[in-house]
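Peer 1: heads up, no residue letters with this:
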């Protein structure tokens with residue numbers, strides 16, 4: 001493509017060029033405007049660009065990358081990419097890809113993302129400085145998520161934020177050595193995360209500058225970190241050779257770790273950091289911490305590092321935040337209150353798996369008022385433990401939700417502690433407006449009383465309808481309909497599935513039971529025998545409250561799988577749930593206690609006089625039948641793995657050499673010996689349990 005002349009693609013609804021071929025050559029290509037990737041290349045050994053010809057990509061806002069490379073051993077050369085969402089993505093299959101002389105400017109998400117191993121980058125210019133402006137890239141200049149990447153002779157300049165400017169004073173010197181001061185308005189150049197973001201092992205950065213100064217003193221600095229190294233990359237630390245970092249507001253270099261200050265314990269030569277702030281700035285430096293409540297009042301513009309592990313309250317209101325580092329927030333699993341409000345440029349909506357009842361099981365309040373809520377959906381609240389949420393705030397957004405209908409139709413079923421909240425839309429199902437005269441941006445919605453149901457959106461207290469005769473508010477939740485009959489369970493058992501072998505499932509859960517770390521326990525499915533409120537048991541599911549880590553539930557059958565991961569003692573409740581009304585019926589509350597498993601061993605005094613039947617000397621060439629242990633396995637052993645004594649087997653071990661022709665029955669320990677080698681030998685009869693633990 002483009003070998004014999006230029007090829008122009010304008011305003012494609014999807015891709016500009018899709019390459020599925022091997023050994024393809026694409027050059028002299030100009031793509032301006034596309035609905036998806038400008039170039040999506042899947043073929044191996046593809047060449048994009050050439051030494052004497054360019055590939056140019058502009059105005060493509062595909063979220064997965066303007067140039068997407070998936071073929072191994074692809075070569076990128078002489079490319080210019082501008083005004084895109086994400087510049088170049090080298091995905092995992094594209095191993096051994098190389099890129100040379102690539103310029104990327106005005107990429108809103110980031111310049112170049114490397115996900116494939118063994119990628120070589122040379123002369124990458126992520127962001128440029130011009131006489132009147134700086135054209136930088138979004139969250140990062142270059143981000144590496146893979147191993148063995150090499151970056152050479154590259155320059156990373158600041159971010160592109162076209163709507164924000166700041167007045168700066170610059171000094172210029174002319175040929176006559178006279179100084180002249182002038183005021184210049186330049187774009188704020190603040191990468192949200194880092195100039196170079198390294199998450200893979202064994203990466204090399206050489207002869208590279210991060211942060212730059214253009215003509216007329218325009219600065220293209222990094223307001224985040226110059227270089228940010230993820231904690232996982234310390235397994236194979238990066239190396240730096242002749243690397244300069246300048247203009248980095250939050251630190252020229254920062255390595256994520258559990259320590260407040262990292263060690264420079266990695267290969268480096270001539271890693272020059274800006275003198276003002278060579279280390280990454282932390283929460284301890286910028287914020288106050290009283291009683292595990294971290295409050296940041298300085299206008300940081302960037303998310304600090306090393307959030308204290310014990311943090312329970314994090315407040316970063318009115319700090320000009322541009323970005324949330326959810327990996328830092330994940331450092332504090334005990335977090336209860338998260339307040340990021342008052343930051344109009346902040347998109348504080350977490351990505352998939354970043355803020356859930358698993359990462360932060362104790363969250364009670366999420367405050368995101370006066371922020372960019374374009375990506376807000378009800379799942380932000382649904383992913384949290386709705387039994388613990390007490391407050392949330394999404395009012396006065398700088399950008400409203402893109403899917404406003406989803407927010408308007410939010411169902412707060414199960415959020416019993418959210419008794420009232422300020423809302424910018426008509427009050428949702430189950431809530432009523434305290435005053436209909438309040439402005440839309442500050443409407444106070446209150447939860448309808450128990451014993452009522454409010455099926456419609458909007459309205460005042462009169463819309464909270466009392467349950468009709470012979471119906472009940474079985475779940476004490478006004479967001480769900482009243483049911484005709486109270487859902488109750490009067491009898492149930494646990495029954496092994498068909499074809500289940502003996503001892504596979506546990507049928508009784510007792511307060512006196514002890515579970516051992518490292519073992520696996522299977523609890524049989526629930527069989528409900530007596531109930532009301534549903535027509536049949538197919539309308540019943542199951543849920544848990546207070547279950548320990550490692551205990552999983554099948555919500556359809558009630559069967560449970562438990563792999564204890566730590567020593568603990570918790571109280572757990574097991575509920576049956578009506579799929580019609582959402583009402584819950586308590587089946588059992590039980591104490592779950594786990595301990596470290598005792599070591600597999602012989603019982604005390606189990607084996608006295610067992611060696612009487614052995615001879616001191618055995619004759620070469622004879623055959624000897626040596627009896628095994630004269631007691632049952634139950635009397636011999638204790639603490640055997642998986643509580644299955646039948647899995648204990650016997651074997652012979654010879655610490656000082658094998659005498660030859662010594663056989664043992666693995667089930668009963670009976671031995672047969674035909675001496676073939678003369679000498680003195682030591683022999684051990686060894687038992688092993690189902691986990692491979694040994695007892696001599």
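Peer 2: Happy to help now that I have it. Everything numeric in this text was worked out from a predicted model, so none of it was measured.
Peer 1: Quick check: the residue nearest to residue 356 when sequence neighbours are not counted vs residue 336, distance?
Peer 2: In space, and not counting its chain neighbours, residue 356 is closest to residue 383: 4.5 Å by C-beta to C-beta, 6 or more residues apart in numbering. C-betas here are computed from N, CA, C, even on glycine. Applying C-beta to C-beta, to the nearest Å, the value for residue 383 to residue 336 is 16 Å.
Peer 1: and the residue nearest to residue 356, what does it touch?
Peer 2: By C-beta atoms under 8 Å, 6 or more residues apart in numbering, residue 383 lies in contact with 355-357.
Peer 1: any idea how far it lies from residue 212?
Peer 2: 41 Å.
Peer 1: and what of residue 369?
Peer 2: Relative to residue 212, and taking C-beta to C-beta, residue 369 is found at 37 Å.
Peer 1: And for residue 673?
Peer 2: Taking C-beta to C-beta, one finds residue 673 at 81 Å from residue 212.
Peer 1: Between these two, which is the more surrounded one?
Peer 2: Counted by other C-beta atoms under 10 Å, residue 673 and residue 212 do not tie: residue 212 has more neighbours, with 25 against 20.
Peer 1: and the nearest residue to residue 487 once chain neighbours are set aside, how many residues sit next to it?
Peer 2: Excluding the flanking residues, the one nearest residue 487 by C-beta to C-beta, 6+ apart is residue 533, at 3.1 Å. Neighbour count for residue 533, taken as other C-beta under 10 Å: 21.
Peer 1: got a list of what residue 533 touches?
Peer 2: Contacts of residue 533 by C-beta under 8 Å, 6+ apart are 474, 483, 485-488, 578, 580-581, 583, 585.
Peer 1: if we can go back for a sec, roughly how far does the residue nearest to residue 356 sit from residue 355?
Peer 2: 7 Å.
Peer 1: Please apply the same query to residue 292.
Peer 2: With C-beta to C-beta as the criterion, residue 292 and residue 355 are 19 Å apart.
Peer 1: Neighbour count: those two, which is higher?
Peer 2: More crowded of residue 292 and residue 355, by other C-beta under 10 Å: residue 355, with 23 against 16.
Peer 1: Leaving out sequence neighbours, find the closest residue to the residue sitting furthest away from the middle of the chain.
Peer 2: Here the chain reaches farthest from its C-alpha mean at residue 619, the gap being 66.9 Å by C-alpha atoms, centre = their mean. Among residues not flanking residue 619 along the chain, residue 675 sits closest, at 6.8 Å (C-beta to C-beta, 6+ apart).
Peer 1: how many other residues sit next to that neighbour?
Peer 2: 19.
Peer 1: Correct me if wrong: it contacts residue 617.
Peer 2: No. Using C-beta atoms under 8 Å, residue 675 is not in contact with residue 617, being 9.7 Å away.
Peer 1: Regarding stretch 625-637, how distant is the last residue from the first?
Peer 2: The first and last residues of stretch 625-637 sit 24 Å apart, counting by C-alpha to C-alpha, to the nearest Å.
Peer 1: how about it: buried residues?
Peer 2: 626, 629, 633, 636-637 (16 or more other C-beta atoms under 10 Å).
Peer 1: repeat for stretch 89-108
Peer 2: 89-91, 94-108.
Peer 1: All set, thanks.
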